[in-house]
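Trainee: Okay, structure incoming, though there's no sequence with it:
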């Protein structure tokens, strides 16, 4: 869920705007039955890691953004769109990637040099505050993924203190951040292992729907789908990528592949071969990360 605000403005520059957004998130999560694993508000963007047991991400996010935009414009006495377009979303592998994603979100104000790592304890505009202070937690927030990945920590005063120490250590350990793929947390279409992405490719009904909606963030997924489809057809004809470049466009086997891929629907690739997306049983991914930003 990455999006940009009109004029790249600092949407969350005031306390009133931040509280208004959190109230909207509270209402959206409660109505939608979401589990929020991490969140962070910056001056011009937010991060969310949410689980959608009811597979209602689109409806919930539409309500969240529209409601907040209305309140924001009313507060500022302005009209027009607050967002440039639709949010960007990532499918997240819960077993492997959800914990690192939560750490990434909690460290966002440090990574962007807004605060020092030692100030994380008192930074209010993140779910880390609720992780450290259970009495302040909203019903839909769960710290478990963060604690589990940081070493199987318990939700106790000692465990919560160790989690904060873990974040401080992680901020200093660039090799560990690279191992956890921090640099990939805001790119592509899915966060997880190669096998996880491959499994999504094989069972991608929800992703297909996102493509039909025109999500720009799924370009990497589309390209992988196109490549897998072409590879499967080449294998059936005992051909290789080298043959595509070597043989003329009008060669019978290339015409056959182009015809089949056109039948299934897709985009035109090199040398006249048409690429497409295969139909598969539906998938309902439940964990998503999103970020809306104003710059």
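Mentor: Sure thing, it's come through. Nothing here was measured: the structure is a model prediction, and the numbers come from that model.
Trainee: measure residue 123 to residue 248 for me?
Mentor: Residue 123 sits 63 Å away from residue 248, going by C-beta to C-beta, to the nearest Å. Just so you know, the C-beta spots here come from the backbone N, C-alpha and C atoms, and that holds for glycine as well.
Trainee: quick one: which of those two has more around it?
Mentor: Applying other C-beta atoms under 10 Å to residue 123 and residue 248 shows that residue 123 carries more neighbours, namely 17 against 8.
Trainee: Now do the contacts for the more buried one.
Mentor: 109, 115, 129 (C-beta atoms under 8 Å, 6 or more residues apart in numbering).
Trainee: By neighbours, which of these wins?
Mentor: Neighbour max across the contacts of residue 123 (other C-beta under 10 Å) = residue 109, 22 neighbours.
Trainee: Assign that one to helix, strand or coil.
Mentor: The three-state label given to residue 109 by DSSP: H, G, I helix; E, B strand; the rest coil is helix.
Trainee: Using the three-state scheme, assign the nearest residue to it once chain neighbours are set aside.
Mentor: Of all residues not flanking residue 109 in the chain, residue 115 sits nearest, at 5.0 Å (C-beta to C-beta, 6 or more residues apart in numbering). Recorded secondary structure, residue 115: coil (three-state DSSP).
Trainee: got it, and residue 232?
Mentor: Assignment for residue 232 (three-state DSSP): helix.
Trainee: quick one: residue 195 and residue 178, what's the gap?
Mentor: Taken as C-beta to C-beta, the span from residue 195 to residue 178 is 20 Å.
Trainee: Could you do residue 34 as well?
Mentor: 30 Å.
Trainee: More neighbours: which of these two?
Mentor: residue 34 (24 against 11).
Trainee: pretty sure the more buried one contacts residue 52?
Mentor: Yes. Taking C-beta atoms under 8 Å as the definition, residue 34 is a contact partner of residue 52 at 5.9 Å.
Trainee: what touches both of those two?
Mentor: Between them, residue 34 and residue 52 share the contacting residues residue 60, judged by C-beta under 8 Å, 6+ apart.
Trainee: on that earlier part again, for the residue nearest to residue 109, grab phi and psi.
Mentor: When read as degrees, to the nearest 10, the backbone of residue 115 gives phi -140, psi 170.
Trainee: same question, residue 50
Mentor: Torsion angles, degrees, to the nearest 10, at residue 50: phi -130, psi 150.
Trainee: now swap in residue 153 and tell me
Mentor: According to degrees, to the nearest 10, residue 153 has phi -70, psi 150.
Trainee: Share the number of residues neighbouring it, please.
Mentor: Quick note: residue 153 (other C-beta under 10 Å) scores 19 neighbours.
Trainee: show me what contacts it?
Mentor: Per C-beta under 8 Å, 6+ apart, neighbours of residue 153: 147, 159, 160, 162, 163, 166.
Trainee: Let's see if you can find the most crowded of these.
Mentor: Top of the contacts of residue 153 by neighbour count (other C-beta under 10 Å): residue 163, with 24 neighbours.
Trainee: coming back round to it: just the contacts of residue 153: which are in helices?
Mentor: 147, 159, 160, 162, 163, 166 (DSSP state H).
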